[in-house]
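Visitor: Need coordinates for the below:
(one chain, ligands or ions: 3)
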Amino acid sequence: MSIVIKDAAGIAGMRTACRLASEVLDMLTPHIVPGITTRQIDQLAHDYMVNVQGTVPATLNYQPPGHPPYPASLCTSVNEVVCHGIPNDIPLKHGDIINIDVTTIKDGWHGDNSRMFLVGKCSIAASRLCSVTYEAMWKGIVKVKPGARLGDIGHAIQTFAENAGYTVVREFCGHGVGQKFHEEPQVLHYGRPGTLEELVPGMIFTIEPMINLGRRDIKDDRKGNRPYDGWTIVTKDRSLSAQWEHTILVTDTGYEVLTLSAGSPPPPDFVTQSAAVATVG
Ligand code: MF3
Ligand code: CO
Ligand code: CO
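Guide: Ligands and ions are numbered 1, 2, ... in the order given. Coordinates of the predicted model:
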């Protein structure tokens with residue numbers, strides 16, 4: 001097993017799949033309001049992917065070892081849910097935060113991305129967690145260039161998140177992505193600079209930090225005598241958790257964010273500033 005380096009055709013296929021994955025989130029954005037259920041969100045996304053885009057929802061019936069088949073076309077992780085929340089019939093309410101994670105397959109290529117949404121009016125604490133997590137993802141993205149190492153990405157994310165007073169989930173990571181949903185390498189969101197795999201043009205992987213307001217520990221979502229659904233992960237202390245995800249290509253000179261579309265939130269100021277400096281310089 002090793003890291004797949006994508007050729008020009010693979011990169012073209014990934015650009016399309018990733019843009020489409022981002023466009024699913026664009027389509028959903030106006031619907032993420034108090035009162036809608038996550039099952040309704042899933043239905044909207046499923047119909048759009050299958051009937052409008054002609055994409056395949058990668059999560060539907062996805063079954064890695066040790067899990068039951070995933071039963072939905074996206075993941076909806078609300079408040080203390082860290083990741084892999086399964087859509088259900090509980091309406092979203094004012095003040096909730098929700099991560100929606102969409103993976104499309106187009107012509108065999110996988111595009112994987114997620115965003116946070118604030119439902120109605122949220123607390124300052126909740127909205128700060130979401131925006132700091134967005135910036136943390138971008139702190140990792142801007143490290144991507146040939147010759148850099150995966151440890152540089154993890155370190156940048158971890159120091160930024162921890163300096164803001166938050167914690168980084170260790171049990172889940174970014175991943176290579178392409179003709180398979182989850183490929184090598186693992187992209188940890190913590191670590192030491194100068195360590196781990198060296199980046200090479202043509203690598204494609206996700207960066208998808210999960211950042212907690214409280215402690216970093218997680219657990220299965222077992223409540224009372226309800227059987228575990230096999231997927232939902234929550235913070236052990238039930239504190240809020242946020243996550244953002246992009247799929248990134250290593251280019252000859254740096255990075256290209258593949259999961260972009262008309263509705264993508266703009267990068268943080270520090271990204272545009274360094275890009276502007278690079279252009280002027
Ligand atoms: N999209 C998730 C990721 O970023 C994986 C979801 S797998 C599922 O890797 F089965 F939970 F949907
Ligand atoms: Co992913
Ligand atoms: Co994802």
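Visitor: Helices of the protein, start to end?
Guide: Ranges of helices within the chain are 8-28, 38-47, 124-141, 150-163, 269-280, based on DSSP state H.
Visitor: Reformat those helices as a markdown table; add distance to Arg115, mean neighbour count and mean pLDDT.
Guide: Glycine gets a C-beta too; all of them are placed from N, C-alpha and C. Below are the helices of the chain laid out as a markdown table (distance: least, Cβ to Cβ, whole Å; neighbours: other Cβ atoms under 10 Å; pLDDT from 0 to 100):
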| stretch | distance to Arg115 | mean neighbour count | mean pLDDT |
| --- | --- | --- | --- |
| helix 8-28 | 5 | 20 | 98 |
| helix 38-47 | 12 | 18 | 99 |
| helix 124-141 | 8 | 20 | 98 |
| helix 150-163 | 17 | 22 | 98 |
| helix 269-280 | 16 | 10 | 73 |
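Visitor: Which of those sits closest to ligand 1?
Guide: Proximity to ligand 1, assessed across the helices of the chain by Cβ to the nearest ligand atom, is greatest for helix 8-28 (9.4 Å).
Visitor: State the distance from the spatially closest residue to Thr272 that is not a sequence neighbour to ligand 2.
Guide: Distances taken as Cβ to Cβ, 6 or more residues apart in numbering place Pro266 nearest to Thr272, at 7.6 Å, with adjacent residues excluded. Between Pro266 and ligand 2 the computed distance is 22 Å (Cβ to the ion, to the nearest Å).
Visitor: Equivalent analysis for Pro71, please.
Guide: According to Cβ to the ion, Pro71 stands 18 Å off from ligand 2.
Visitor: what about that residue, how many neighbours?
Guide: By other Cβ atoms under 10 Å, the residues close to Pro71 number 15.
Visitor: The one 10 residues further on now?
Guide: Residue neighbour count, defined by other Cβ under 10 Å, stands at 23 for Val81.
Visitor: Isn't Pro268 up against Glu135?
Guide: Yes: with contact defined as Cβ atoms under 8 Å, Pro268 and Glu135 form a contacting pair (4.9 Å).
Visitor: re the thing from before, let me have the helices of the chain in TSV, extended by distance to Ile100.
Guide: Output for the helices of the chain, formatted as TSV (distance: least, Cβ to Cβ, whole Å):
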stretch	distance to Ile100
helix 8-28	6
helix 38-47	7
helix 124-141	12
helix 150-163	21
helix 269-280	22
